[in-house]
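Trainee: Kindly generate the corresponding structure for this input.
(2 chains)
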Number of protein chains: 2
Amino acid sequence: MPRVSQDHLDARRRQILDGARSCFARFGYEGATVRRLEEATALSRGAIFHHFRDKESLFLALAEDDAHRMAQVVAEQGLVQVMRELLKHESHDGGEHPADWLGTRLEVSRRLRTDPDFRSRWAERSEALTAATRARLQRQREAGNLRDDVDVDVLTGFLELVLEGLVSHLAMGLPADDLDPVLDLVEETVRRHRRTLP
Amino acid sequence: MPRVSQDHLDARRRQILDGARSCFARFGYEGATVRRLEEATALSRGAIFHHFRDKESLFLALAEDDAHRMAQVVAEQGLVQVMRELLKHESHDGGEHPADWLGTRLEVSRRLRTDPDFRSRWAERSEALTAATRARLQRQREAGNLRDDVDVDVLTGFLELVLEGLVSHLAMGLPADDLDPVLDLVEETVRRHRRTLP
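Mentor: As a prediction, the model looks like this:
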């Protein structure tokens, strides 16, 4: 048998992740059966689980992808920009709904709560986003753009809590067309204040 | 047959709601089967569904209870106080975990997204909380305690988004012991600012 090249392995891995993401978004975590994952990826279960130990590992790899992608946006433009992009995609029509994928994050909440191993694997994968957010805020503070009366860790926790609220809001399909000024307020809250006081 | 008194009906309704809440918290929305609801309420399915049309109606009645209870706290002390109480209960040990019940709200997120009828019934029941929050902020503004450079609707949306984030955070069992100063920041954000500027 010929040796399989790294490029081939990477491409196969990508094919599995892309198909699995659609499948989870469409059927939910529980509803994404092995048979449906096979259909969505156009691969056999043998091929899928050669690359990922089990469905949970596949799901967590997607969560890790998200965290890394968001961390990139955070490094350049901050966590509020991540929220603005979530909101913008939300208002687009047609095709797969990004919020359907976000919904799977909520669907596993019970599992996260009751399964410490799953929770710690999840937390590991979210750590990239927290680290990027904290580093960005630290740089902004050094540049004098951040308010200096609140600890960077508190500001990080604040932004992450609002992001969790937004993910939940969008995933539940609640109206989101009036959230732009809310995000403006969130952004202003972490910045150095320049408005005049009474 | 003797006529059943209103008191008796109310007590029975209460018994069903209390038992169902424990049952949903323990087994999740999907896992709360009719048999388990019977055990948890110590009533037959006939008795349960005499009071509530179906499991969905029972669940929505509990969500409505929550919204009314929260709306009472909001009227007297504001939505940030609701969040502080969620956080306080979280750190208590022993007995049923309130976050287990919160988790069911996330569990139904997919249903909320894909079932417009369910979503509108849910939204109706949450409306009491939004109305109470807006009314409280309006009174605080008239009393001069609220910042006056941001619309009351935006401040309402901001507080609700943070609450959604907190519910999601607690329901997922993520660490919450460092969230007090985050809630202080949230409270300060809607208040009239008194701190001096550089």
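Trainee: What are the contacting residues of the strand or helix carrying A:Phe49?
Mentor: For A:Phe49, the host element (DSSP states H and E) is helix A:45-51. Contacts with helix A:45-51, where a contact means CB atoms under 8 Å, 6 or more residues apart in numbering or on different chains, come from A:Leu9, A:Arg12, A:Arg13, A:Ile16, A:Ala20, A:Val34, A:Leu37, A:Glu38, A:Thr41, A:Leu58. Quick note: C-beta positions are derived from backbone N, CA and C, even for glycine.
Trainee: Next, format those as TSV and append distance to chain B.
Mentor: Below are the contacts of helix A:45-51 laid out as TSV (distance: CB to the nearest CB, whole Å):
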residue	distance to chain B
A:Leu9	33
A:Arg12	29
A:Arg13	27
A:Ile16	23
A:Ala20	17
A:Val34	20
A:Leu37	18
A:Glu38	22
A:Thr41	21
A:Leu58	18
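Trainee: Check those and tell me the two furthest apart.
Mentor: Checked with CB to CB, the contacts of helix A:45-51 reach their widest spread between A:Leu9 and A:Val34, with 21.1 Å between them.
Trainee: how close does the residue positioned nearest the centre of chain A get to B:Val74?
Mentor: Chain A has A:Asp66 as the residue nearest its centroid, 4.1 Å off, counting by CA atoms, centre = their mean. From A:Asp66 across to B:Val74, the span is 33 Å (CB to CB, to the nearest Å).
Trainee: domain parsing for chain A?
Mentor: As assigned by automatic domain parsing, chain A contains the domains A:1-52, A:60-190.
Trainee: Now the residue in chain A that chain B sits nearest to: closest residue in space that isn't a chain neighbour?
Mentor: Distance from chain B to each residue of chain A (CB to the nearest CB) is smallest for A:Gly165, at 3.1 Å. Nearest residue to A:Gly165 in three dimensions, chain neighbours excluded: B:Gly165, at 3.1 Å (CB to CB, 6 or more residues apart in numbering or on different chains).
Trainee: what helix or strand does the one you found sit in?
Mentor: Using DSSP H and E, B:Gly165 maps to helix B:152-171.
Trainee: for the record, mean pLDDT for that helix?
Mentor: In this model, helix B:152-171 has an average pLDDT of 95.
Trainee: got it, and stretch A:21-30?
Mentor: 91.
Trainee: Buried ones only from the contacts of helix A:45-51, please, as a ChimeraX command.
Mentor: Filtering those down to the buried ones (16 or more other CB atoms under 10 Å in any protein chain shown) takes a single ChimeraX command:
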select /A:12,16,20,37,38,41,58
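Trainee: Let me have the contacts of helix A:45-51 in a markdown table, extended by secondary structure.
Mentor: Converted to a markdown table, those look like this (DSSP: H, G, I helix; E, B strand; the rest coil):
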| residue | secondary structure |
| --- | --- |
| A:Leu9 | helix |
| A:Arg12 | helix |
| A:Arg13 | helix |
| A:Ile16 | helix |
| A:Ala20 | helix |
| A:Val34 | helix |
| A:Leu37 | helix |
| A:Glu38 | helix |
| A:Thr41 | helix |
| A:Leu58 | helix |
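Trainee: Mind picking the one among the contacts of helix A:45-51 that's closest to A:Val182?
Mentor: Nearest to A:Val182 among the contacts of helix A:45-51, counting by CB to CB, is A:Ala20 at 32.4 Å.
Trainee: separation between the closest one and A:Arg125?
Mentor: 15 Å.
Trainee: Low-confidence bits of chain A, can you list those?
Mentor: A:1-3, A:91-97, A:194-198 (pLDDT under 70).
Trainee: Using PDB, write out every CA atom in the helix holding A:Phe49.
Mentor: Provided in PDB are the C-alpha atoms of helix A:45-51 (Å, rounded to 0.1, in the frame of the first residue of the first chain):
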ATOM      1  CA  ARG A  45     -17.500   5.400   9.400                       C
ATOM      2  CA  GLY A  46     -14.200   3.700   9.300                       C
ATOM      3  CA  ALA A  47     -12.600   6.600   7.500                       C
ATOM      4  CA  ILE A  48     -14.200   9.200   9.800                       C
ATOM      5  CA  PHE A  49     -13.200   7.400  13.000                       C
ATOM      6  CA  HIS A  50      -9.700   6.800  11.700                       C
ATOM      7  CA  HIS A  51      -9.300  10.600  12.100                       C
END
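Trainee: All set, thanks.
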